[in-house]
Structures are given as structure tokens and as C-alpha cells.
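J.: Can you look at this prediction? I've put the sequence above it.
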Amino acid sequence: DSGVTQTPKHLITATGQRVTLRCSPRSGDLSVYWYQQSLDQGLQFLIQYYNGEERAKGNILERFSAQQFPDLHSELNLSSLELGDSALYFCASSRAGGPADGYTFGSGTRLTVV
Amino acid sequence: GIQVEQSPPDLILQEGANSTLRCNFSDSVNNLQWFHQNPWGQLINLFYIPSGTKQNGRLSATTVATERYSLLYISSSQTTDSGVYFCAVRTSGTYKYIFGTGTRLKVLA
């Protein structure tokens, strides 16, 4: 157990729907990162939050949004889902979020859009 | 942006063999990690190694930042080493990691 908890582990939903993925970072970690892993794109950085504030944004679609709550857990909201959004979504956390920090990943949420 | 290339893309080994995985990057980095993604999809941190050499059991890693590459050594491989090995780098002034495309390793019993 890495200490980073992601729920749910699996999610199957229909096109056009909206889903929420949840991540609880390791105890003491302030920074949360979201990544998408698809077969054709590899691991792509989506967004980072540090202590409740957005810190960095990557290849995140406008249909996707995220937030980090006061208790430091984070949610990734995916809306108007398309078949191409099917992927593994990973959350990672780190102590501070600076360039010298290492990541710890959760076990991921496998999203299948049908 | 920075390019991260890993080689070889695929590797098949007999149990007990040794191997070297390579990660080349196109720009200076201030952070580098090696991850193992097991067959169940879990990403496990192996090494945080922006420079120098580290060892952890049968695994060791070396990063030569000035020459822009890192190596992951696996000795006496076991079937549980199977999976995909990713190198991920971070450049100065950025917070995100850029991942390489991975090396897919299969260890045969």
C-alpha cells in the first residue's frame, strides 16, 4: 500500500455522462497530481494542486476539472465523456510539490466509456 | 519541450539474467525517477535519482545528468520483475514529470 488512495478502482459509464474520481494523498503530503494513461498517449500530466491551490496545468481538457479540498483530498471531474476518455487515471502525491520532490502513486482508477 | 527516450522498448529475459535499461533526455533535469508498473497497473517508485548512483537490493540506478542519461540495472531477474519500467524527468521551473514511453520487460521462468 503506497498510502495514496484512489476510488473507485473501476468505473464503467456511457458517453455523455459525468464521473468523479477521488484521491486521498499520503499523510503529510500537500501536493496532488493527476495523470492519464491511455494506450496511445502514454502517461500524460493533467493537473497539480498544492495545499488547495492549482499549481500547474498540463494536457487537461476543458471538459475535465479538478479541485483539492481543505482536508487535502482531491477530486477529478470528467464530463461529457467520450470513448477516447477511456484510460487509467492516476493520482500521485508528494510532500511539498517542488521540483526536488519525488512522487508516490495511487493504484489508479480504470475508466471505461461505452 | 523535453524529450525522454527509453531503450530498449521491449526486453525478454530468462530468470536469473541481468539487464540494463536506458533513459535519455534532451535537456537538463533537476529531478528524475524510475517507476515500475506491474502487470496489475500499479506504479511503484523505484528510485529518486537526479544524479549519482543508488542501489536497492537487486536493482540499482545511475544518472549522469551532465550527459543526459540514466541507467537502471536489474540483476538476477525474477518473474516478479516483469512489467513496464518508466523513467520520468522534471526540468527546472516546472512541477510536472514528463514520462518516457517505457521499457516492457518480460522475465521467463
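T.: Everything's here; your move. Residues are numbered from 1 along each chain as shown, chains lettered A, B, ... in the order given.
J.: Tell me the bridge partners for residue B:106.
T.: Residues in a beta bridge with residue B:106, per DSSP bridges, are residue B:12.
J.: count of residues packed around it?
T.: Residue B:106 has 14 neighbouring residues, counting by other C-beta atoms under 10 Å in any protein chain shown. Yep, even glycine has a C-beta here, placed from its N, CA and C like the rest.
J.: for residue B:60, same thing?
T.: Neighbours of residue B:60 under the rule other C-beta under 10 Å: 17.
J.: Who are the contact partners of residue 78?
T.: I'll assume chain A. Residue A:78 sits next to A:18, A:19, A:20, A:21, A:63, A:64, A:85, A:111 when contact means C-beta atoms under 8 Å, 6 or more residues apart in numbering or on different chains.
J.: The intended chain is chain B.
T.: If you count contacts by C-beta under 8 Å, 6+ apart, residue B:78 has them with B:15, B:58, B:107.
J.: so how many other residues sit close to the last one?
T.: Read it as residue B:107. Applying other C-beta under 10 Å, we find 20 residues neighbouring residue B:107.
J.: picking up where we left off before, for chain B, state which of the contacts of residue A:78 is nearest.
T.: Distances from chain B to these, taken as C-beta to the nearest C-beta, are shortest for residue A:111 (12.4 Å).
J.: you'd agree residue B:44 is up against residue B:38?
T.: Yes: proximity of residue B:44 to residue B:38 meets the contact threshold set by C-beta atoms under 8 Å, at 6.7 Å.
J.: mind listing the strands for the chain?
T.: By default, I'm working from chain A. Assigned strands in chain A, in chain order: A:5-7, A:10-13, A:19-24, A:31-38, A:42-50, A:53-57, A:64-68, A:74-78, A:87-94, A:104-105, A:109-113 (criterion: DSSP state E).
J.: meant chain B actually
T.: Under the criterion DSSP E, chain B contains strands at B:4-7, B:10-14, B:19-25, B:31-37, B:43-48, B:52-56, B:59-64, B:69-74, B:83-90, B:98-99, B:103-108.
J.: highest average neighbour count across the ones you listed?
T.: Taking mean count of other C-beta atoms under 10 Å in any protein chain shown as the contact definition, the stretch among these with the greatest mean neighbour count is strand B:83-90, which reaches a mean of 24.
J.: quick one: is that one near chain A?
T.: Yes: under the criterion of C-beta under 8 Å from any C-beta of the partner chain, strand B:83-90 makes contact with chain A via B:86, B:88, B:90.
J.: Out of the residues you listed, which is nearest to chain A?
T.: For chain A, the closest of these turns out to be residue B:90, at 5.6 Å, with distances computed as C-beta to the nearest C-beta.
J.: For residue A:58, report the pLDDT, please.
T.: Per-residue confidence at residue A:58 stands at 87 (pLDDT).
J.: got any ranges where chain B has weak pLDDT?
T.: In the predicted model of chain B, no residue satisfies pLDDT under 70.
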